[in-house]
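[1] Whatever this is, show me its structure:
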Amino acid sequence: LFEANVFSSLSVIKLRLQHIEETQELILEQLKTSKGSSLKSILNLPVVSLAALESLEETLMSQEDVYNELANKLDWVGGKSVRECTFKTMRKLMSDEVAATLNWKGGNSKA
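    Okay, here's the model as predicted:
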């Protein structure tokens, strides 16, 4: 009898947890779309040229509110590893064509 009650309670807890997780995912999606839509139109992300990337950099350096909004948006980007998170963040910021012209050290005629 005791074991049956425990299993029953665990089943109820599991169902409630699943419902909470589903609700949380919906809320996060709504937050992502509501925060991202206004910012995307302001910054035209992802950037598609080096000139647009430089313009974005200037905007972020001169407008703290835009910088903070972009930082908050990118804060929602997740991943299972640092590599995955980095790739997803870069995809939100720039096109593959722009990313291909960049490297960390600026060597090989890249920015």
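[2] Tell me how far the helix ranked longest in the chain lies from the chain's centre.
    Looking across the chain with DSSP state H, the single longest helix is helix 2-43. Relative to its parent chain, helix 2-43 has a centroid offset of 18 Å by C-alpha atoms, centre = their mean, to the nearest Å.
[3] by contact count, what packs against it?
    Contacts defined by 3 or more C-beta pairs under 8 Å, 6 or more residues apart in numbering; DSSP states H and E place helix 2-43 against helix 64-75. In short, each C-beta sits where N, CA and C put it, glycine included.
[4] picking that back up, could you figure out how far the longest helix of the chain is turned away from helix 64-75?
    With axes from the mean of the first three to the mean of the last three C-alpha atoms, to 10 degrees applied, the angle from helix 2-43 to helix 64-75 works out at 140 degrees.
[5] what mean pLDDT does the next helix or strand after helix 2-43 have?
    Using DSSP states H and E, the helix or strand that follows helix 2-43 in sequence is helix 50-62. Throughout helix 50-62, pLDDT has a mean value of 92.
[6] cool, stretch 2-11 as well?
    Rounded mean pLDDT across stretch 2-11 is 94.
[7] would you put the C-alpha positions of that stretch in PDB?
    Coordinates of each C-alpha in stretch 2-11 appear next as PDB, following Å, rounded to 0.1, in the frame of the first residue of the first chain:
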ATOM      1  CA  PHE A   2       2.800   2.400   0.900                       C
ATOM      2  CA  GLU A   3       4.700   1.600  -2.300                       C
ATOM      3  CA  ALA A   4       1.600   2.100  -4.400                       C
ATOM      4  CA  ASN A   5       1.100   5.600  -2.800                       C
ATOM      5  CA  VAL A   6       4.700   6.500  -3.400                       C
ATOM      6  CA  PHE A   7       4.500   5.400  -7.100                       C
ATOM      7  CA  SER A   8       1.200   7.300  -7.500                       C
ATOM      8  CA  SER A   9       2.700  10.400  -6.100                       C
ATOM      9  CA  LEU A  10       5.800  10.200  -8.200                       C
ATOM     10  CA  SER A  11       3.600   9.800 -11.300                       C
END
